[in-house]
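Peer 1: 3D, please:
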Amino acid sequence: MFSVLFPGQGSQKVGMGKILYQKFDFVKSLFEEADDVLEKPISKIILEGPKELIDQTENTQPAIFLISYSICEVIKKETSFDLNNAKFFAGHSLGEYSALACSGSINFKQTIKLLQSRGRFMQTAVPKGQGGMVAVLGSEIEKVNEVIDSNKKNFKCYVANDNSIGQVVVSGNINDLSIFSEELKKNKIKNIRLPVSAPFHCELMRSATEKMKDEILKVEFEKPEIKIMSNVTAQPTNDPNEIKKLLIEQIEKPVRWREIVINMINSKVKKFIEIGPGKVLSGLIKRIDSNVELIQVNDLEDLNNLNK
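Peer 2: Predicted structure coming up:
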């Protein structure tokens with residue numbers, strides 16, 4: 001039994017998807033459609049860069065989705081492997097939108113437009129340079145919460161991603177993160193500042209939530225063909241109304257990735273197929289359970305791995 005995974009921000013790189021773009025006309029058509037819908041040359045940004053542009057979140061989010069969706073289309077059209085046999089689809093943050101599109105809940109055009117808006121709203125929710133994120137390494141979420149809760153008078157920070165055993169990401173404004181980081185060092189807990197320009201998945205994203213609510217409610221969601229693991233609840237759902245509600249909440253709620261993976265494994269999932277650029281999610285899962293099978297599909301040569 002397998003699940004399909006879709007990566008989030010941080011997996012992007014200039015040139016991703018280039019071989020698929022050159023080989024398959026239908027992939028090239030998707031890139032061209034993305035340019036039209038977004039009213040900007042996102043295909044050129046993906047294929048040629050520069051890195052500074054692809055790393056801007058309003059470009060990153062639709063770009064990563066475009067690659068994941070393109071790979072899904074290649075699998076459907078060029079292989080005999082049936083993704084619809086999956087037990088669950090699960091995506092990390094923006095990857096949840098990829099999961100919904102690839103399971104037929106929303107269409108390509110709707111998804112890429114939503115993600116452009118999501119990226120823009122999240123970036124402008126906090127003035128650039130005033131917020132950020134810190135990765136806490138080698139410590140469990142309980143300990144991180146303990147440090148945050150016992151220092152509420154000194155700083156205000158928020159768990160944004162519970163990614164894996166020993167990897168938790170915390171959001172906040174820059175000054176509070178600096179105090180939080182020093183507190184961690186006192187406790188001999190390793191932490192690093194992440195190269196992001198906004199404090200994602202916390203209440204500082206409130207204005208983005210309000211704006212995305214309007215955009216999401218405009219879109220008609222169908223019942224997905226595969227149950228989707230929600231970032232907010234860490235539970236599966238295929239109810240369109242619940243999916244909409246949870247997507248709205250997702251912007252300022254923590255990503256419960258570790259729990260999502262554990263819940264899928266407890267549901268007898270033994271194989272995970274990561275579809276999109278990079279292999280970040282596979283690395284996180286390996287730390288949770290080293291006995292599961294992990295497959296990454298991010299280029300043409302990886303397609304052969306599906307039938308192993």
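Peer 1: now do the strands in the stretch 201-308 of the chain.
Peer 2: Using DSSP state E, counting those that start in this stretch, the strands of the stretch 201-308 of the chain run over residues 227-229, 236-237, 271-275, 293-297.
Peer 1: each with direction, which strands does the second one pair with?
Peer 2: Each strand that strand 236-237 pairs with, and the sense of that pairing, follows from DSSP bridges: strand 227-229 (antiparallel).
Peer 1: just how off-centre is the strand it pairs with within its chain?
Peer 2: Taking the mean C-alpha point of strand 227-229 and that of its whole chain, the gap between them comes to 14 Å (Cα atoms, centre = their mean, to the nearest Å).
Peer 1: hmm, who's touching it?
Peer 2: Outside strand 227-229, the residues within contact range by Cβ atoms under 8 Å, 6 or more residues apart in numbering are 3, 87-91, 96, 99-100, 103, 105, 235-238, 243, 260, 263-264. Where you see a C-beta, it was placed from the backbone N, CA and C, and this is true even at glycine.
Peer 1: assign Leu5 to helix, strand or coil.
Peer 2: The local conformation at Leu5, judged by DSSP: H, G, I helix; E, B strand; the rest coil, is strand.
Peer 1: and it, how close does it get to Ile45?
Peer 2: 24 Å (Cβ to Cβ, to the nearest Å).
Peer 1: one more: Val4?
Peer 2: For Val4, the distance to Ile45 (Cβ to Cβ) stands at 26 Å.
Peer 1: which one's more surrounded, the two?
Peer 2: Val4 (28 against 23; other Cβ atoms under 10 Å).
Peer 1: these two touch, right, that one and Ile275?
Peer 2: Yes - proximity of Val4 to Ile275 meets the contact threshold set by Cβ atoms under 8 Å, at 6.0 Å.
Peer 1: buried ones among the contacts of strand 227-229?
Peer 2: Buried residues within these, defined by neighbour count using 16 or more other Cβ atoms under 10 Å: 3, 87-91, 96, 99-100, 103, 105, 236-237, 243, 260, 263-264.
Peer 1: now, these that are in helices?
Peer 2: Judged by DSSP state H, those include 96, 99-100, 243, 260, 263-264 as members of helices.
Peer 1: tell me the buried residues in the strand or helix carrying Ile45?
Peer 2: Element membership of Ile45, judged by DSSP states H and E, is helix 42-48. Residues of helix 42-48 classed as buried under the neighbour-count rule (16+ other Cβ under 10 Å) are 42-43, 45-47.
Peer 1: which of the residues you listed sits closest to Ile54?
Peer 2: Of all the buried residues of helix 42-48, the one sitting nearest Ile54 is Ile45; the distance, using Cβ to Cβ, is 5.4 Å.
Peer 1: what's the spacing between that closest one and Asp239?
Peer 2: Remark: distance between Ile45 and Asp239 (Cβ to Cβ) = 35 Å.
Peer 1: do Asp82 as well
Peer 2: Distance from Asp82 to Asp239, counting by Cβ to Cβ: 24 Å.
Peer 1: comparing the two, which residue is more hemmed in?
Peer 2: Neighbour tally, Asp82 and Asp239, criterion other Cβ under 10 Å: the higher count belongs to Asp239, 14 against 10.
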